[in-house]
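Chemist: Fold the following, please.
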Amino acid sequence: MAPPAVEPAAESQHGGATMQDKSDSDIADISCTMPAGCGGVSVDDVVTGRAPEREREGTAPQPIGAFAGVGFDEAMAHPGAMRKTIYLLAWPVIAELVLQTVTQMADMIMVGRLGAACVAAVGLSNQPLNIAQGFFMGISVGTTALVARFVGAGDRKRADMVTAQSLVLGTILAAILGTIGFLATPRLVRFMKAGADVIPYGESYMRTLMPGLFMLVINMIASAALRGAGDTKYPMKVNIFLNLFNLLGNYAFIYGNFGFPAMGVTGAALATTIARGVGTSMLLWHVFSGRGVVAVRTHQRFRFDWDMIGRVVRIGLPASLERVSLSLGLAFYVRIVSALGTSAYAAHAIAINAEGISYMPGFAFAVSATTIVGQALGAGRPDVAERAGWQSWKMSATVMGLMGAVLFFFPGILMRLYVDDPEIIGLGAGVLRIMACAQIPMSAAYVFMGALRGAGDTKAVLYVAMTSVWLVRFSLAALFVNVFGWGLVGAWYAMALDWVVRGSVSMARFAGGKWKEMTV
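Modeler: The predicted structure is shown next:
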């Protein structure tokens, strides 16, 4: 069973996914204004990745982006035009995540039939992997922010350059970290305080996933570049295929169907690794073939552009620190939960998986906010960026509020999809009702943090996330569980309060407007 392929993947474990050094030369590169109408390129062309081929060398590129065919003035004057632009970016992500969530639910159901120890093994093993994934989130965030700025300014050549540099850098670092993780697997599983019955399953699961880490990283970076350019549809298609392939692989490898041996929890990890390889191949073909809105030029000799890599790192480093800090905080938080026993942790892991249905709109509209804010700032229209941020949140809050109602009124039904154990069902249903009440603050955290990342204000996001996860979630979980003795319910009260704080502070940061002055 895999964590999400997209960055909110780590978010599904309830982590949230900043001031830049000013460079006068960089301002000149990205401050041109995009004309209304954007040269007649339609929104559908951009979001489907079918942007018309332009001269890549010698001539000034026509600007394209999320507002192509609509125009900034029209979007400001007519709220419906703004909503349409946001929706066209968000719906492919929602569709992708719907299938991804259904697939993960099916994964967990399959693993759940193997017993509580296997469920705990998957949940605990994914925590160190989320930390590793968080390390590379910075490259993805930096890639998205720079690609969005360059596309907003009409500089396709530099958008392509960012994509190539980020892919090579990420691949090298992922190969190194994956090797270290493979060798350190036994220590990592024991660090998570896995029970004696869980350790063998956890080691086998994590070791099988580690070789595919570099494929996950390439998937993240290529998808980030495409989304930054306004193409959310192709990553959707890839990840839909990836998840269907993963589901089929689980059926074959976990239970021994289609002539394969029954491999149990190891089979779940093998299916994930193979599926990631297939998805990564599809993304690389799209980018290297020149069919995408960004492309890697294979006819030119690759050279490291240290200035461009430095810009990606300047934006992305705070995001990496944010994600690593979040993942570490969540890992220690999970240690508190796992100490409650295998049944309590199984209920926790299943409830988080079941709750995946609720965070999908938040992440989807966060992607819209990140892309639109970055492109609007690149085109010199901070007023459009601000309007897009608020509108994205309103749309996200509406949908997530409805999702919260589902969690509140039907938690038992969701839990019964996974297990038959009355104790686990009762524990999980209780904590799902707690998180149902935190859906609106969660939507604010997702969208406004996404908007701030699109602006390059990644340091502010880092400070908000670190403070909230460590001082609110981890500290209160330790207090509620270890001192007050509230058990799993106490841990989830701490989680809900974390989202309330994160959502409130990120909204206040966005409302303050300092992000409009960021340079990347």
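Chemist: ok, now how distant is the closest residue to M108 other than its chain neighbours from Y359?
Modeler: Nearest residue to M108, sequence neighbours excluded (C-beta to C-beta, 6 or more residues apart in numbering): N353, at 4.6 Å. Just so you know, the C-beta spots here come from the backbone N, C-alpha and C atoms, and that holds for glycine as well. From N353 across to Y359, the span is 11 Å (C-beta to C-beta, to the nearest Å).
Chemist: now V501
Modeler: Counting by C-beta to C-beta, the gap from V501 to Y359 is 17 Å.
Chemist: So if I had to pick from the two, which one is more boxed in?
Modeler: The residue with more neighbours, out of V501 and Y359, is Y359; 25 against 18, by other C-beta atoms under 10 Å.
Chemist: Remind me which helix or strand the more buried one belongs to.
Modeler: Using DSSP states H and E, Y359 sits in helix 356-378.
Chemist: V293: what secondary structure?
Modeler: coil (DSSP: H, G, I helix; E, B strand; the rest coil).
Chemist: Now do the phi/psi pair for it.
Modeler: phi -70, psi -20 (degrees, to the nearest 10).
Chemist: K459 versus the nearest residue to it once chain neighbours are set aside, what's the distance?
Modeler: Excluding its sequence neighbours, the residue lying closest to V293 (C-beta to C-beta, 6+ apart) is A229, at 4.0 Å. Distance, A229 to K459, by C-beta to C-beta: 24 Å.
Chemist: For the two, indicate the residue with more neighbours.
Modeler: More neighbours surround A229 than the other of A229 and K459, with 30 against 19 (other C-beta under 10 Å).
Chemist: any idea of the pLDDT on the more buried one?
Modeler: The model reports A229 with a pLDDT of 86.
Chemist: Can you pull the phi/psi pair for it?
Modeler: According to degrees, to the nearest 10, A229 has phi -90, psi 0.
Chemist: So it versus I221, what's the distance?
Modeler: 13 Å.
Chemist: Please apply the same query to V122.
Modeler: 25 Å.
Chemist: the more surrounded of the two?
Modeler: I221 (30 against 27).
Chemist: List the residues that contact that one.
Modeler: With contact set as C-beta atoms under 8 Å, 6 or more residues apart in numbering, I221 has these partners: 136, 139-140, 143, 163, 166-167, 170.
Chemist: Name the residues of the helix or strand containing it that are buried.
Modeler: Assigned by DSSP H and E, I221 belongs to helix 213-228. By neighbour count with 16 or more other C-beta atoms under 10 Å, helix 213-228 contains the buried residues 213-228.
Chemist: Distance from the chain centre to that helix, please.
Modeler: Relative to its chain's centre, helix 213-228 lies at 10 Å (C-alpha atoms, centre = their mean, to the nearest Å).
Chemist: Output the lowest mean pLDDT helix or strand found in the protein.
Modeler: helix 24-30 (a mean of 28; mean pLDDT, DSSP states H and E).
Chemist: List the residues that contact F304.
Modeler: Counting by C-beta under 8 Å, 6+ apart, the residues that F304 touches are 165, 168.
Chemist: quick one: secondary structure of it?
Modeler: From three-state DSSP, the assignment for F304 is coil.
Chemist: circling back: so the residue nearest to M108, which state does it fall into?
Modeler: From three-state DSSP, the assignment for N353 is helix.
Chemist: Check what pLDDT it gets.
Modeler: We have a pLDDT of 79 for N353.
Chemist: What about it, how many residues nearby?
Modeler: N353: 27 neighbours (other C-beta under 10 Å).
Chemist: Kindly export stretch 473-491 (C-alpha atoms) in PDB.
Modeler: Taking Å, rounded to 0.1, in the frame of the first residue of the first chain, the C-alpha atoms of stretch 473-491 are listed here in PDB:
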ATOM      1  CA  ARG A 473      -0.100  18.300  18.000                       C
ATOM      2  CA  PHE A 474       2.900  16.500  19.600                       C
ATOM      3  CA  SER A 475       2.900  18.300  22.900                       C
ATOM      4  CA  LEU A 476      -0.800  18.100  23.400                       C
ATOM      5  CA  ALA A 477      -0.900  14.500  22.400                       C
ATOM      6  CA  ALA A 478       1.700  13.700  25.000                       C
ATOM      7  CA  LEU A 479      -0.300  15.600  27.600                       C
ATOM      8  CA  PHE A 480      -3.700  14.200  26.700                       C
ATOM      9  CA  VAL A 481      -2.500  10.500  26.200                       C
ATOM     10  CA  ASN A 482       0.300  10.100  28.800                       C
ATOM     11  CA  VAL A 483      -0.900  12.500  31.500                       C
ATOM     12  CA  PHE A 484      -4.700  12.800  31.200                       C
ATOM     13  CA  GLY A 485      -5.000   9.100  30.000                       C
ATOM     14  CA  TRP A 486      -7.500  10.000  27.200                       C
ATOM     15  CA  GLY A 487      -6.100   7.300  24.900                       C
ATOM     16  CA  LEU A 488      -6.600   7.500  21.200                       C
ATOM     17  CA  VAL A 489      -9.300  10.100  21.500                       C
ATOM     18  CA  GLY A 490      -6.800  12.400  23.200                       C
ATOM     19  CA  ALA A 491      -4.300  12.000  20.400                       C
END
